[in-house]
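# A predicted structure for the sequence below; I have some questions about it.
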Amino acid sequence: IFASADSDAAKAFLNMADGDEIHSYAISTDASVKSKLAVTADTVVVIKSFDDLRADHAVGDKFDSEAVHKFIAANSTPLVQTFSPENAKKIFGSPV
């Protein structure tokens, strides 16, 4: 969620998202979305179907692509998983 899609932070977010082939990304500047998610400042929100269902990362004055990428990676992996050959790469490659 960004104040403006033309901001440096929003552009950096889109650039980072463009390089990630694993996760799905969306960007919004809509006031109703900010209100629904109870977000007031530029924030990266990870919405998930496990654990806490949502994780927020305040962007601050300067967008830090590395910190946001680590935040997304850490919050897109369930804390408890069933081990299988299909999940092995995700489990062992996770920063959690």
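Noted; the coordinates are in hand.
# For the rest of this, base every contact and every neighbour count on C-alpha atoms.
Noted.
# Which parts of the chain are strands?
43-47, 54-58 (DSSP state E).
# How many residues are close by I27?
Using other CA atoms under 10 Å, I27 has 14 other residues around it.
# For it, which residues are in contact?
Neighbour list for I27: I1, F2, A5, A10 [criterion: CA atoms under 8 Å, 6 or more residues apart in numbering].
# again, 10 Å this time
I1, F2, S4, A5, A10, F13, L14, V44, V45 (CA atoms under 10 Å, 6 or more residues apart in numbering).
# From those, pick the one nearest K70.
Nearest to K70, judged by CA to CA, of those is V44 at 11.9 Å.
# Local confidence estimate at the residue lying farthest from the centre of the chain?
Ranked by distance from the centre of the chain (CA atoms, centre = their mean), the top residue is P85, with 25.7 Å. P85 carries a pLDDT score of 82 in this model.
# Would you mind putting the CA coordinates of stretch 13-32 into PDB?
The C-alpha trace of stretch 13-32 is given here as PDB (Å, rounded to 0.1, in the frame of the first residue of the first chain):
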ATOM      1  CA  PHE A  13       8.700  -2.200  -4.800                       C
ATOM      2  CA  LEU A  14       7.500  -2.900  -8.300                       C
ATOM      3  CA  ASN A  15      11.100  -3.400  -9.500                       C
ATOM      4  CA  MET A  16      11.700  -5.800  -6.600                       C
ATOM      5  CA  ALA A  17       8.500  -7.600  -7.400                       C
ATOM      6  CA  ASP A  18       9.300  -7.900 -11.000                       C
ATOM      7  CA  GLY A  19      12.400  -9.900 -10.100                       C
ATOM      8  CA  ASP A  20      10.500 -12.400  -7.900                       C
ATOM      9  CA  GLU A  21       9.000 -15.400  -9.800                       C
ATOM     10  CA  ILE A  22       7.800 -17.200  -6.700                       C
ATOM     11  CA  HIS A  23       5.300 -14.800  -5.100                       C
ATOM     12  CA  SER A  24       2.300 -12.800  -6.400                       C
ATOM     13  CA  TYR A  25       2.400  -9.000  -5.900                       C
ATOM     14  CA  ALA A  26      -0.200  -6.200  -6.100                       C
ATOM     15  CA  ILE A  27       0.100  -2.500  -5.400                       C
ATOM     16  CA  SER A  28      -2.600  -0.100  -4.300                       C
ATOM     17  CA  THR A  29      -2.900   3.600  -3.600                       C
ATOM     18  CA  ASP A  30      -6.700   3.400  -3.000                       C
ATOM     19  CA  ALA A  31      -7.900   5.000   0.300                       C
ATOM     20  CA  SER A  32     -10.600   2.300   0.800                       C
END
